[in-house]
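In: would you be able to build a 3D model of this:
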Amino acid sequence: MYRLNNYVRRYAWGSTTVLPRLLGEPPDGTPQAELWVGAHPSAPSSARTPDGPVPLDRVIAAQPERMLGKRAARSFEGRLPFLLKVLAAEAPLSLQAHPTAGQARTGYAAEEAAGVPADAEHRNYPDPRHKPEMLLALGRFEALCGFRAPEEVLGDLRGFQCELARVLRSDLASGDAPSGLRAALTRLLTLSPGHRNELVTAFTREWQRRGRGTHADVIPELARRYPGDAGAAAALLLRRVTLERGQALYLPAGNVHSYLGGTAVEVMANSDNVLRAGLTGKHVDPSELLRVVDFSARPVPYVPPSRGDGILEYRTPAPEVALSAMGPGTVDGRLTGGTPWGVLVLEGNVELRSRAGGVRLGGGGSAFVPAHEGEVRVAGEGYLVAATVCETEPAGQAAPAEGREASGREASGFGS
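Out: Below is the predicted model of the structure:
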């Protein structure tokens, strides 16, 4: 197994304290948004090898079957299929959605044929893969996720007089729920540039006077950060979700979402395909986002964990997206052999040990466990997460209790 050094992404919405605290480093006063643990080609973790540090994607590419297992190496073309992150959001992220695998292949091929440079700011599909993702809260975490029922939105707009509210009421009342939501979001994201600021500003001002319900404070805050951005009004169409520590969401293709704030672990398919439509200074392509959106009003896509002896297993329909959590408190479990694992210790001190050897990791420490390593025993005091590939059976197992009583506690956070 390999100890890892990981890349920190610095975005304006990040926290100045959460990731430095996790990594045991003094804050430098600048926002640090994401810690990446994995083999993404733009920011691969560095694996400590006998020959010195080597990017993890190169380690895997040199022996893909040994590193990933035959099945995963074949299924994912020799690439590590998942990316593990810690996300530390002090401010809202963009209004966004991700494509299906088929949409990603089509979009990638079209941009390749058009000669769009791979690193172009306006490129929508830098790779041909989908990007389902799961988020596990490490403290209270706020998000907008998926569509509300139109009647809920209509209730919040009752009595509003501004022009944008009137046309949204008309859109939402037209046809069935998906049709109404499609009409409303399309209108908001395709407002004429000459009138957008006026319409959105009038709406947000009236909302400050009349707004109520779950979105009472969300829309004014988004409007303050992004004046004239239709994404602030579009937030009303989406469910507001508050996660407590240990709760998880699964975000499949087509799910429109925006993270509002908090600290969480993310595990996702190893892709960069993000379609944005607002609430950001980055490139936006509302038309392309609208093309991939699922307009069904569905329940909040929580991921209920299955519980073992000291282990929580978070499973999703996507084979690339599976997570195990151990702790907080006494950790005594196993990672099964035959599949790759990305392990991150969030607090405490933990030892990973196989027949071939072991590593000790403190808070912020991480390791890549290759498939050939076999079963790995995990022991110590703390809290860790481990990403892997979904199999037909749960990927992690609890070690024999050996007279120990399971703590039964859920994941705690080092930040919020």
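
In: only C-alpha atoms for contact and neighbour calcs from this point on.
Out: Fine.

In: secondary structure class for residue 53?
Out: Applying DSSP: H, G, I helix; E, B strand; the rest coil to residue 53 yields a three-state assignment of strand.

In: look up the closest residue to it, ignoring the ones flanking it.
Out: residue 47 (5.4 Å; CA to CA, 6 or more residues apart in numbering).

In: and the one you found, what element?
Out: Assessed by DSSP states H and E, residue 47 sits inside strand 46-49.

In: do the same with residue 144
Out: Under the assignment here (DSSP H and E), residue 144 is part of strand 141-147.

In: go through the helix or strand following that strand and flag the buried ones.
Out: Note on strand 141-147: by DSSP H and E, the next helix or strand toward the C-terminus is helix 150-157. Under the neighbour-count criterion of 16 or more other CA atoms under 10 Å, helix 150-157 has 150, 153, 154, 156, 157 buried.

In: for residue 59, see how far away residue 219 is.
Out: 46 Å (CA to CA, to the nearest Å).

In: same question, residue 13
Out: Residue 13 is 32 Å from residue 59, by CA to CA.

In: and if you look at residue 332?
Out: Remark: distance between residue 332 and residue 59 (CA to CA) = 29 Å.

In: also residue 38?
Out: From residue 38 across to residue 59, the span is 11 Å (CA to CA).

In: quick one, which of residue 332 and residue 59 is more surrounded?
Out: residue 332 (25 against 17; other CA atoms under 10 Å).

In: right, and the helix or strand after the helix or strand hosting that one?
Out: Using DSSP H and E, residue 332 sits within strand 322-335. Once the chain leaves strand 322-335, the next helix or strand it forms, by DSSP H and E, is strand 341-354.

In: what strands flank whatever helix or strand comes next after that following strand, and is each parallel or antiparallel?
Out: Remark: after strand 341-354, the chain's next helix or strand is strand 357-362, criterion DSSP H and E. Strand pairing for strand 357-362, determined by DSSP bridges: strand 341-354 (antiparallel).

In: CA atoms of the strand it pairs with as CSV?
Out: Output of strand 341-354 as CSV, limited to C-alpha atoms (Å, rounded to 0.1, in the frame of the first residue of the first chain):
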residue,chain,number,x,y,z
TRP,A,341,-9.3,1.5,-1.8
GLY,A,342,-8.6,5.1,-1.2
VAL,A,343,-8.4,5.7,2.6
LEU,A,344,-8.5,9.1,4.4
VAL,A,345,-8.2,9.5,8.1
LEU,A,346,-10.3,12.5,9.3
GLU,A,347,-9.2,12.4,13.0
GLY,A,348,-7.2,10.3,15.4
ASN,A,349,-4.5,7.7,14.5
VAL,A,350,-5.2,4.5,12.6
GLU,A,351,-3.0,1.6,11.4
LEU,A,352,-3.7,-0.3,8.1
ARG,A,353,-2.0,-3.7,8.0
SER,A,354,-2.0,-6.5,5.5
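
In: now it and strand 322-335, what's the angle there?
Out: Interaxial angle, strand 341-354 versus strand 322-335 (axes from the mean of the first three to the mean of the last three CA atoms, to 10 degrees): 0 degrees.

In: residues in contact with stretch 350-367?
Out: 1-5, 22-24, 37, 331, 342-349, 373-382 (CA atoms under 8 Å, 6 or more residues apart in numbering).

In: now, of those residues, which are buried?
Out: 1-5, 22, 37, 331, 342-349, 373-382.

In: can I see the domain layout of this protein?
Out: 7-144+243-292, 145-242, 306-398 (automatic domain parsing).

In: next, the distance between the ends of the longest one.
Out: Read it as domain 7-144+243-292. 30 Å.

In: check stretch 356-369 too.
Out: End to end - CA to CA - stretch 356-369 spans 11 Å.

In: same deal with stretch 22-35?
Out: Terminal residues of stretch 22-35 are spaced 10 Å apart (CA to CA).
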